[in-house]
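**Q** dropping a prediction and its sequence here:
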Amino acid sequence: MARVERAIVIGGGIGGLTTAVALHRRGVKVTVLERAHSLEPIGAAISLSPNALRGLDVIGLGDDIRALSAWQGDGGLRAPGGRWLSRTDSAAAAERFGGPLVLLRRTTLVDRLAARLPAGAVRTATAARLLDPGVPGDSGRPARVGTSDGELEADLVVAADGIHSAVRRVLFPGHPGTVYSGFTTWRMVIPLPGVEFASHETWGRGRIWGTHPLKDGGVYAYAAAVAPAEERAPDERAELLRLYGDWHTPVPEVLAAIHPEDVLRHDVHHIAEPLPACHHGRAALVGDAAHAMPPNLGQGGNQAVEDAITLAHHADDLPAYTAARLPRTTAITRRAVRTARLNLMMTNRVGIALRDNVLAAVSKAAPGLLLRGFDGIADWYPPQQPYASRTTAGKG
């Protein structure tokens, strides 16, 4: 494939913007096409693990994000009645994986990424469709993208158009696409003054709740529950109160503080059958378009950042991009599915009691053992050297 000089990114989410910044830094002229009228992201907050932060280091953004984020890790897993099943230590996690696990608002990350692109590089309210993936090589042809304003040509098209990617269907029309993961999620960011709590995720019977502080004083809360696909409640706050109202502090306090308009609800879908490749012709897929996964490992956005940095490195050799990403994201997706079965999909009371007792015993006998669940994930390093300092000391 000839050197990439022009690229079009379809989708202005975290994966698309990170790819655009990484390509821009290597001298590629980039245009980002986002169908929404703004870059306001779907979702409330995002957890970034050391692997993604090292990816952001490559584009000079890692230290800024660390400084704007709350460190995670001082807390752990709980049962609905409040019993601690395991405790975690942010310093131990940072030492094991070479950096912290952090949490920040999605809007903060999106704004910082967009600010690193030249004026006019992002076009909102611009729906785009892939007309031709092109043929690589000096004697090939460019890829073509259609918009309401006409057609655009590029040496590389990056599909960052999400879980239900239209570009994925064009590139791999025989692929079955996503499947319903069996559960739905709620997410919200709210102020919660005067309530002290330890960061936690609580595992119940076919239900999960998480509460985590943000550095700006807000609180990020999320929930997940086994439910039929596309089921909705007239009042999602009332539904959360029904499902989680009798759980331990601070869950009732969070529920009392939220308003119906604070709550985002989305069903979860994932790609069960891996794609044959992460590219076709001059087009490449990143993020959920390539490997939608359940959120139970917290790796959806993190893997999108990895994709972006790796694709920029291999932009002139897309088969190398597929070789670097497809086995890894396939394995992580499968781990996320297995984790969902353990911490959410389980509804048998005997099985849940056994799970909780094993977790508690393991956590007591070997406090760092549970961190090994992120071995092979959080310890990833990008293929190129970072531009930034990769600061890991201090909590900003």
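**A** Right, received. Where do you want to start?

**Q** do a quick rundown of the strands in the stretch 151-300 of the chain.
**A** 156-159, 179-191, 199-203, 207-213, 218-226, 264-270, 279-280, 283-285 (DSSP state E, counting those that start in this stretch).

**Q** out of these, which is closest to Ala308?
**A** strand 156-159 (8.4 Å; Cβ to Cβ). Heads up, the C-betas are built off the backbone N, CA and C, glycines and all.

**Q** give me the contact list for that closest one.
**A** 4, 6-11, 16, 19-20, 23, 28, 130, 133-134, 143, 145, 165, 167-168, 171, 282-286, 289-290, 311, 315, 318 (Cβ atoms under 8 Å, 6 or more residues apart in numbering).

**Q** partners of it in the sheet?
**A** Partners of strand 156-159 in the sheet, by DSSP bridges, are strand 6-10 (parallel), strand 283-285 (parallel).

**Q** redo these as a markdown table? Include mean pLDDT, mean neighbour count and distance to Gly60.
**A** Putting these into a markdown table (pLDDT from 0 to 100; neighbours: other Cβ atoms under 10 Å; distance: least, Cβ to Cβ, whole Å) gives the following:
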| stretch | mean pLDDT | mean neighbour count | distance to Gly60 |
| --- | --- | --- | --- |
| strand 6-10 | 98 | 26 | 19 |
| strand 283-285 | 98 | 28 | 23 |
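
**Q** could I get those strands as JSON lines with distance to Leu342?
**A** Converted to JSON lines, the strands paired with strand 156-159 look like this (distance: least, Cβ to Cβ, whole Å):
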{"stretch": "strand 6-10", "distance to Leu342": "35"}
{"stretch": "strand 283-285", "distance to Leu342": "28"}
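
**Q** so which of these is nearest Val102?
**A** Here strand 6-10 is closest among the strands paired with strand 156-159 (Cβ to Cβ), at 24.9 Å.

**Q** show me what that closest one is in contact with.
**A** 16-17, 19-20, 23, 28-33, 128, 130, 142-143, 145, 152-161, 167, 315.

**Q** do that again at 6 Å, thanks
**A** With Cβ atoms under 6 Å, 6 or more residues apart in numbering as the test, strand 6-10 has contacts from 16, 19-20, 23, 28-33, 128, 145, 152, 154-161.

**Q** can I get the buried part of those as one PyMOL selection?
**A** Remark: buried members of the contacts of strand 6-10, expressed as a PyMOL selection using 16 or more other Cβ atoms under 10 Å:
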select buried, resi 16+19+20+23+28+30+31+32+33+128+145+152+154+155+156+157+158+159+160+161
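
**Q** residue contacts, Thr184?
**A** Contacts of Thr184 by Cβ under 6 Å, 6+ apart are 227, 267.

**Q** distance of it from Val226?
**A** 8 Å (Cβ to Cβ, to the nearest Å).

**Q** repeat for Thr322
**A** 34 Å.

**Q** that older thread, deepest in the core, which of the strands of the stretch 151-300 of the chain is it.
**A** strand 156-159 (a mean of 30; mean count of other Cβ atoms under 10 Å).

**Q** related to what we said a few turns ago, redo the strands of the stretch 151-300 of the chain as TSV? Include distance to Leu39.
**A** Output for these, formatted as TSV (distance: least, Cβ to Cβ, whole Å):
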stretch	distance to Leu39
strand 156-159	16
strand 179-191	17
strand 199-203	28
strand 207-213	24
strand 218-226	20
strand 264-270	17
strand 279-280	25
strand 283-285	20
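
**Q** wait, which of those is closest to Ala44?
**A** Taking those one by one with Cβ to Cβ, strand 179-191 is closest: 4.3 Å.

**Q** partner strands of the closest one, with direction?
**A** strand 218-226 (antiparallel), strand 264-270 (antiparallel).

**Q** need the nearest residue in space to Thr124, chain neighbours excluded.
**A** Counting by Cβ to Cβ, 6 or more residues apart in numbering, Thr124 lies nearest to Glu34, which is 4.9 Å off, once chain neighbours are set aside.

**Q** any idea how many residues pack against the one you found?
**A** The number of residues packed near Glu34 is 24, by other Cβ atoms under 10 Å.

**Q** poorly predicted segments of this protein, please.
**A** Counting by pLDDT under 70, the ranges of the chain that qualify are 1, 73, 387-396.

**Q** can you tell me the centre-most residue of it?
**A** Gly301 (1.9 Å; Cα atoms, centre = their mean).

**Q** ok, and what's touching the helix or strand hosting that one?
**A** Assessed by DSSP states H and E, Gly301 sits inside helix 300-313. By Cβ under 6 Å, 6+ apart, the residues outside helix 300-313 that reach it are 14-15, 18-19, 22-23, 26, 46, 49, 51-52, 55, 58, 284, 286-287, 293, 321, 324-325, 329, 382-384.

**Q** which members of the contacts of strand 6-10 occur in helices, if any?
**A** Secondary structure from DSSP state H places 16, 19-20, 23 of those in helices.
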